[in-house]
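[1] need a structure here:
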Amino acid sequence: MVRRIEAFSGPYHFYLKEIYILKGFIFCAGLHPVLRIKAQKLLG
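    Numbers count the residues shown, from 1 in each chain. Okay, here's the model as predicted:
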């Protein structure tokens, strides 16, 4: 049971970390106009 939870939490924590980094980047881009323009160009 414990191993199953660890196997599940591995990718899950990685996924949460990616979302956290992305949210942080979006937040910083929102504060910084130059970064916001770069982000808009990057996203399409």
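[2] count of neighbours near Ala39?
    Other residues lying near Ala39 total 15 when counted by other CB atoms under 10 Å. All C-beta atoms are positioned from the backbone trio N, CA, C, and that covers glycine.
[3] buried sites along the helix or strand containing it?
    Assessed by DSSP states H and E, Ala39 sits inside helix 33-43. Buried residues in helix 33-43, counted by 16 or more other CB atoms under 10 Å: none are found.
[4] average pLDDT for it?
    For helix 33-43, mean pLDDT rounds to 78.
[5] in this protein, which spans are helices?
    2-31, 33-43 (DSSP state H).
[6] show me what the shortest one is packed against.
    Put plainly, it is helix 33-43. helix 2-31 (3 or more CB pairs under 8 Å, 6 or more residues apart in numbering; DSSP states H and E).
[7] just to revisit the earlier point, which stretch in the helices of the chain is the model least sure about?
    Among the helices of the chain, helix 2-31 carries the lowest mean pLDDT, a mean of 69.
[8] neighbours of Leu22, how many?
    Leu22 has 10 neighbours, counted by other CB under 10 Å.
[9] measure the spatially closest residue to Phe25 that is not a sequence neighbour to Phe14 for me?
    Nearest-residue entry for Phe25: Ala39, 7.5 Å, with adjacent residues in sequence omitted and distances by CB to CB, 6 or more residues apart in numbering. Going from Ala39 to Phe14 by CB to CB, to the nearest Å gives 23 Å.
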